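**Q** Below are the sequence and a predicted model for it; my questions follow.
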Amino acid sequence: MPGEKKIERQLQRLYSIEDVQFRRSMGVLLGPAIVEGNKIEVLLNGDQIFPSMLEAIKKAEQSITFETYIYWSETIGKEFSDALIERARAGVKVHVLLDFIGSIKMDDASMEAMMQAGIKLERFHKPVWWKFTKLNNRTHRKVLVVDGKVGFTGGVGIADQWRGNAQSEGHWRDTHFRVEGPVVGQMQAVFADNWTKATGHVLDGQYYFPPLVASGGHAAQMFSSSPSGGSESMLLMYLMSITAAKSTIHLSSSYFVPEELTIKALVAAAKRGVKIRIITPGTHIDSEIVRAASRARWGELLKAGIEIAEYQPTMYHVKALVVDSLMVSVGSTNFDNRSFSLNDEANLNVLNAVFAAEQVAIFDADWKKARVITYAEWQNRPWLEKLYSQMASMVGDQL
């Protein structure tokens, strides 16, 4: 936003991830508070993700709220639409918020059928001339909440390339999460925030915010950012986590185009002995210009000893940060300026050693299917590739 100042200086390292002050700062400086008693189930790829989401929808009794970027009229889109329509006709309050650009491949007949069934469907920032300045602000959030008690978030979109088990280049690799416990109330609040922006209507009451009891042993917060209210807060969260690291950072990033401050934070961490590994997409990527812009910015990272590998089998759409095998951040956020400054994003932050160890194990399995890029290889790229990468990097802030 024009009136907001950008974060300009590298953060000072004041505490580690395990220090109580890190948790306090995450909850107070960024907010909302980290809450105890949550259960978080990991869902790998469409074969696990979609059945779990559809099962929750079909069991809804009071309300369904669903915000997503990609929603296309394909086979999985029809399954979701049919399930949502059935619940709406049964009297469940169903609210669906789709990004206008991300849902542009959804046909009008599908949306009309949903609305005719009683679903409240809105499209975020539909282009109109008096809101032209907001055209570049998309909701990239991926949040599904059922009865205010069960939540889902992660990287998946509602399109057929997410089907399957990442078994071929036509089936993407991604991770999503099923959540129960007090943090689901925060997930609902994230949806309600954009629903109010899009419609002017406030969702409240027991259908959306019922009493929530402890369901597991995970401490968590649902953290969101938006250009209309703290566009730099997601970047700050990442910088705080990287700066606090003392041993390891595992970063999975489908669109990795780090800006200067993030590069400095990662290099500083590597220089103090933090082992950093990053997985990004390889040749199977839905935006070659993003890959080119990403590779242009690897020099300082690789020179500092940070390991970067490109996933080989298919498009790698995972978005996850694991720090010191304790703190995990997962959700919709990419490691680029679009996520940090232009989009509405939402991440689930978890502080739990068992959960973090599970994420590291998943990372290690993905790493085995990725090709490590050395500094020497990066330096010796063909000059045409270097030129294209530099040109792509020049517009990297808008990618």
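**A** Okay, I see it.

**Q** Find the helix or strand that residue 80 is a member of.
**A** Per DSSP states H and E: residue 80 is located in helix 75-89.

**Q** just how off-centre is stretch 311-324 within its chain?
**A** 11 Å (CA atoms, centre = their mean, to the nearest Å).

**Q** Grab the CA positions of the host helix or strand of residue 355 and hand them over as CSV.
**A** With elements taken from DSSP H and E, the one containing residue 355 is helix 353-367. Provided in CSV are the C-alpha atoms of helix 353-367 (Å, rounded to 0.1, in the frame of the first residue of the first chain):
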residue,chain,number,x,y,z
ALA,A,353,8.9,-31.1,17.7
VAL,A,354,7.1,-34.3,16.7
PHE,A,355,5.2,-32.4,13.9
ALA,A,356,8.4,-30.7,12.8
ALA,A,357,10.2,-34.0,12.6
GLU,A,358,7.5,-35.4,10.4
GLN,A,359,7.8,-32.4,8.1
VAL,A,360,11.6,-32.9,7.9
ALA,A,361,11.1,-36.6,7.0
ILE,A,362,8.8,-35.6,4.2
PHE,A,363,11.3,-33.0,3.1
ASP,A,364,14.1,-35.6,3.0
ALA,A,365,11.9,-37.9,0.9
ASP,A,366,11.3,-35.0,-1.6
TRP,A,367,15.1,-34.2,-1.5
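
**Q** Quick one: list the elements packing against the very next helix or strand once past it.
**A** Counting by DSSP H and E, the next helix or strand C-terminal to helix 353-367 is strand 370-373. Packed against strand 370-373 by the contact rule (3 or more CB pairs under 8 Å, 6 or more residues apart in numbering; DSSP states H and E) you find strand 307-311. (C-beta placed from N, C-alpha, C; glycine too.)

**Q** Just the residues contacting the strand it packs on, thanks.
**A** Strand 307-311 has contacts (CB atoms under 8 Å, 6 or more residues apart in numbering) with 173, 276-284, 298, 301-302, 366-367, 369-373.

**Q** List only buried entries from those residues.
**A** Among those, the ones that count as buried by 16 or more other CB atoms under 10 Å are 173, 276-282, 284, 298, 301-302, 366-367, 369-370, 373.

**Q** Which of the residues you listed fall in helices?
**A** 301-302, 366-367 (DSSP state H).

**Q** would you turn these into JSON lines with pLDDT?
**A** What follows is these, written out as JSON lines (pLDDT from 0 to 100):
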{"residue": "301", "pLDDT": "98"}
{"residue": "302", "pLDDT": "98"}
{"residue": "366", "pLDDT": "98"}
{"residue": "367", "pLDDT": "98"}
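
**Q** out of the residues you listed, who's nearest residue 88?
**A** Closest approach between those and residue 88, by CB to CB: residue 366, at 37.7 Å.
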